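Undergrad: build the 3D model from these lines:
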Amino acid sequence: MIRLKKPFNGYISCDKELKDANTVLFGVPYDGTTSYRPGARFGPKSIRNESFGIESYSIYQDKDLEDANVFDYGDLDIPVSQASKVIKEVKDFTSKLLLSGKTPIMIGGEHLISLGAVKALAEKHPNLTLIHFDAHADLREDYLGEKLSHACVIRRCIELSSQILVYQFCIRSADKQEVNYAKENIQVNMQKYNFENLGNILNKIADSPIYLTIDLDCLDPSVLPGTGTPEPGGVSFKELREAVTMVASQGKVVGADIVELNPMCDHSGVSTIVAAKLLRELLLALNK
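TA: I've put the predicted structure just below:
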């Protein structure tokens, strides 16, 4: 059973009743393994607060969140450290949503939290396909001796099952071992720099359940400087919005996340508005 919390300041127009909702939004304010600039734990709250600066209606899709059955649960209560416990909390909550017939959408927080959601979804969908938007490959065996790190999250997801496939886009930062791992592992398809071939891949995996994980540092830092590990040479908001809409509207998406917003690194608030608007487009594209 999903226990409801006290009223809170949720994401704009995501105020439907839990029993009626098709999609449940929840936050995981965790950045315990952040390797450069901490602060992603403040991402979920910031996205909700700044969502009231945008419209619930998308002029791009001609859809309105007022008409979508989305419930914002709020943030999970998780420890600021203890990565394994955080992953378990995310997995358990995601599993409850799936048992209730809800589509889980998670906002972070750092990228390691995706492992918990993928664990739950892989149990229900053994042939799960991950579509991964990121500047970084996140395929390290370990980072400074730690296997539960945001720098290793996609590798840990792949290790859950030999049936899991991963399609990566916008990758422009990795060590040589990660690139070699991707080349040698049939479960990984790495697309560098952009979203080229995304449409072809969606056609290829048309019948596969998809988990979409979006690390906001796939965006160029000129668009979104508020992230823990910014990488120059990223995509534009337009490119990312179109790619997210394509996956969510054409693919069989069974869950998704948006992670690695660090509002502490952008006091202008622009990065948070970008994240909030992207989340709106994702939620509306899923509302078919």
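
Undergrad: and for residue 184, the neighbour number?
TA: 8 (other C-beta atoms under 10 Å). C-betas here are computed from N, CA, C, even on glycine.

Undergrad: any idea how far it lies from residue 190?
TA: 11 Å (C-beta to C-beta, to the nearest Å).

Undergrad: ok, now residue 101?
TA: Per C-beta to C-beta, residue 101 is found 34 Å from residue 190.

Undergrad: what does residue 287 give?
TA: Going from residue 287 to residue 190 by C-beta to C-beta gives 31 Å.

Undergrad: try residue 274
TA: 25 Å.

Undergrad: equivalent analysis for residue 226, please.
TA: Residue 226 is 26 Å from residue 190, where distance means C-beta to C-beta.

Undergrad: tell me which of those two has more neighbours.
TA: Taking other C-beta under 10 Å, residue 226 and residue 190 do not tie; residue 226 has more neighbours (29 against 19).

Undergrad: quick one: contacts for the more buried one?
TA: Listed by C-beta atoms under 8 Å, 6 or more residues apart in numbering, the contact set of residue 226 reads 261-266, 270-272.

Undergrad: just give the nearest non-adjacent residue to residue 193, would you?
TA: Distances taken as C-beta to C-beta, 6 or more residues apart in numbering place residue 172 nearest to residue 193, at 5.6 Å, with adjacent residues excluded.

Undergrad: read off the pLDDT value for that neighbour.
TA: Residue 172 is assigned 98 on the pLDDT scale.

Undergrad: same question, the one 5 residues further on
TA: Residue 177 is assigned a predicted lDDT (pLDDT) of 96.

Undergrad: element containing it, please.
TA: For residue 177, the host element (DSSP states H and E) is helix 176-184.
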